[in-house]
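Asker: sequence plus predicted model, see below.
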Amino acid sequence: QVQLQESGPGLVKPSQTLSLTCTVSGGPIATNYYYWSWIRQPPGKGLEWIGYITYNDRTYYSPSLKNRTSISTDITKNQFSLQLSSVTPEDTALYYCARTVVYGTKQPGDIWGRGTQVTVSS
């Protein structure tokens, strides 16, 4: 059974880079068909899709975040990672990684991690 687990610092200072890793177990990340996605949910708000990477390293980033976002894979570790630069308190959110069958909407076939809280504060 495929499982995803987010990891990374829970507190990041303004202007620094937020770095999160998603470790995938129970199945290879180097597989066709799926989008390896990052999504976040700010306090009191809905889900915001950040971007995705595919098995062959094709990436897509949300237009509102693309200038600050980078998503990459480490096939040897079966992981994919998110980097978000120049963070502000508005980047405070619960961050999720997910294996999604489409990008942008939740589907029954998706597998999500539990989420990790990231707070941007000095």
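Answerer: Noted; the coordinates are in hand.

Asker: hang on, residue 80 is in a strand, isn't it?
Answerer: Yes - under DSSP: H, G, I helix; E, B strand; the rest coil, residue 80 sits within a strand.

Asker: show me the contacts for it.
Answerer: Shown in contact with residue 80 (C-beta atoms under 8 Å, 6 or more residues apart in numbering): 21, 22, 24, 29, 36, 53, 71, 72, 73, 74, 97. Where C-beta positions appear, they are placed from N, C-alpha and C, glycine not excepted.

Asker: need those residues in a markdown table (columns: secondary structure, distance to residue 3 and pLDDT).
Answerer: Shown next, in a markdown table, are the contacts of residue 80 (DSSP: H, G, I helix; E, B strand; the rest coil; distance: C-beta to C-beta, whole Å; pLDDT from 0 to 100):
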| residue | secondary structure | distance to residue 3 | pLDDT |
| --- | --- | --- | --- |
| 21 | strand | 14 | 98 |
| 22 | strand | 10 | 98 |
| 24 | strand | 7 | 97 |
| 29 | coil | 12 | 93 |
| 36 | strand | 14 | 96 |
| 53 | strand | 18 | 96 |
| 71 | strand | 19 | 98 |
| 72 | strand | 20 | 96 |
| 73 | strand | 17 | 95 |
| 74 | strand | 17 | 94 |
| 97 | strand | 11 | 98 |
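
Asker: just the strands from this protein, written as ranges.
Answerer: With DSSP state E, the ranges of strands along the chain come out as 3-7, 11-12, 18-25, 35-41, 48-53, 59-61, 69-74, 79-84, 93-100, 111-112, 116-120.

Asker: hmm, residue 88 is touching residue 16, no?
Answerer: No - if you go by C-beta atoms under 8 Å, residue 88 and residue 16 don't touch, sitting 10.3 Å apart.

Asker: relative to residue 122, how far out is the residue nearest in space to the middle of the chain?
Answerer: Centrality entry for the chain: nearest residue to the mean C-alpha point is residue 38, 2.5 Å, by C-alpha atoms, centre = their mean. Residue 38 sits 24 Å away from residue 122, going by C-beta to C-beta, to the nearest Å.

Asker: returning to that earlier point: spit out the contact partners of the closest residue to the residue nearest to the centre of the chain other than its chain neighbours.
Answerer: Using C-beta to C-beta, 6 or more residues apart in numbering and skipping residues adjacent in sequence, the residue nearest residue 38 is residue 50, 4.2 Å away. By C-beta under 8 Å, 6+ apart, residue 50 lies in contact with 37, 38, 39, 40, 61, 62, 65, 69, 71, 82, 84.
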